[in-house]
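Chemist: Need coordinates for the following:
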Amino acid sequence: MPMGFRADILVADTVIVEVKGVSALTIAHEHQLQTYLRMGGLPLGFLVNFHAPRLKDGLRRFVNARGLVEAA
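Modeler: Prediction:
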């Protein structure tokens, strides 16, 4: 079965966690996660960069409004 994407971590079929270890997150990383959210119809995603000096500096949250409607 072909897959359109392969998420790093999928939590309870609701939240995608995309893990990176790069010097700086780019817009391409954000677009990747947003695409995963849209394709999966999921409401919430986190982009985590473990190369950031502090975890909170490397953590971004994304909400897919369409996923919220479908989950309700």
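
Chemist: in the lengthiest helix in the chain, what counts as buried?
Modeler: Assignment by DSSP state H gives helix 27-40 as the longest helix of the chain. Neighbour-count burial for helix 27-40 flags 29, 32-33, 36-37, 40 (criterion: 16 or more other C-beta atoms under 10 Å). Every C-beta, even on glycine, is put in place using the N, C-alpha and C of the backbone.

Chemist: What is the burial count for residue 42?
Modeler: 23 (other C-beta atoms under 10 Å).

Chemist: again with residue 22
Modeler: Counted by other C-beta under 10 Å, the residues lying close to residue 22 total 12.

Chemist: Tell me the spacing between the residue nearest to it when sequence neighbours are not counted and residue 21.
Modeler: Leaving out its chain neighbours, the residue that sits closest to residue 22 by C-beta to C-beta, 6 or more residues apart in numbering is residue 51, at 5.6 Å. For residue 51, the distance to residue 21 (C-beta to C-beta, to the nearest Å) stands at 5 Å.

Chemist: How about residue 53?
Modeler: Taking C-beta to C-beta, one finds residue 53 at 13 Å from residue 21.

Chemist: out of the two, which sits in the more crowded spot?
Modeler: residue 21 (10 against 7).

Chemist: show me what contacts that one?
Modeler: 49-51 (C-beta atoms under 8 Å, 6 or more residues apart in numbering).

Chemist: Most neighbours among those, which one?
Modeler: Result: residue 49 is most packed of the contacts of residue 21 (other C-beta under 10 Å), 19 neighbours.

Chemist: Tell me which two of the buried residues of helix 27-40 sit farthest apart.
Modeler: Maximum pairwise distance in those, criterion C-beta to C-beta, is 16.9 Å, between 29 and 40.

Chemist: Adding pLDDT, write the buried residues of helix 27-40 out as TSV.
Modeler: Listed next are the buried residues of helix 27-40 as TSV, based on pLDDT from 0 to 100:
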residue	pLDDT
29	92
32	91
33	93
36	90
37	91
40	87
